[in-house]
Each structure stands twice: as C-alpha cells, then as structure tokens.
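*Asks:* sequence-free structure coming up:
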C-alpha cells in the first residue's frame, strides 16, 4: 500500500481494501512525512504490516509525534506505532513472491524525505 492518508480515514480505507482482498497489507510505504501521507500509520501498523519510508520521514514523524505525546494528544501506543520500522537512505528493494518493490529517495523535492515506489509483478513484466 502506498500512503495511508489522515488518521480519521483509516477505517474507511481498511473497509475499501477489505472489499478487494482478505489478505493483510504486507508493506505500507510512506512517500513523505505529511499527515495526508502517513497520518494513519498507527492504525495500519501491525504484526502483518511493515512500514517503510526514507530515513528523514522516520525522523520527522518521530519529532512530530513526540510533541503530540507530550501534549497528551496521542497515546504512547500510537507514538510507538507511527514511525516507519524500515527506512532507507537512497533506495530499497523488497521481494515478495513474484513481486519486486523498489523505492528511491527524491532529492530537492516537497520534503527532505520524499520517495517514490515502484512495483514490478511477474504479470506486468510478462506483458510489458
């Protein structure tokens, strides 16, 4: 999954995904740190889902969430589940069965942690 939108939309997004598949989300990729891309991280982060982002995204999310935790706007659990668990500096590649997921840091973009992700599936490669 790419980005998870605002926290308040998490339930609707999960419901919509549930109409498409019963499989859990294996990877959640944050393209940058703003809440409209990573605000639902705590709601999606689970034993089945790995959050992935560029190094700076984790740093920025942790800083923002720490301030919210100190202001008692979020729970300790949400604080712990919000930052990406897997980060990369320049690029990363994940392999999942027949799929290859590649991510690249985009310098001098909207934020210092902007990244793009590409999915290569065997079916796509066979037709492309």
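*Replies:* Noted; the coordinates are in hand. It should be emphasised that the depicted structure is a prediction, and the values quoted were computed from it without experimental measurement. Numbering: from 1, shown residues only.
*Asks:* Tell me the buried residues in the helix or strand where residue 66 lies?
*Replies:* Assigning secondary structure by DSSP states H and E places residue 66 in helix 55-70. Neighbour counts over helix 55-70 (16 or more other C-beta atoms under 10 Å) mark 55-62, 64-65, 69 as buried. C-beta coordinates here come from the backbone N, C-alpha and C atoms, glycine included.
*Asks:* which other residues reach that helix?
*Replies:* Residues outside helix 55-70 that contact it (C-beta atoms under 8 Å, 6 or more residues apart in numbering): 30, 32-33, 38, 41, 53, 74-76, 78-79, 82-84, 87-89, 111-113, 115.
*Asks:* try 6 Å
*Replies:* Contacts to helix 55-70, defined as C-beta atoms under 6 Å, 6 or more residues apart in numbering, come from residues 30, 33, 74, 79, 82-84, 87, 89, 112-113.
*Asks:* Closest to residue 20 out of the buried residues of helix 55-70?
*Replies:* Of all those, the one with the least separation from residue 20 (C-beta to C-beta) is residue 57, at 26.1 Å.
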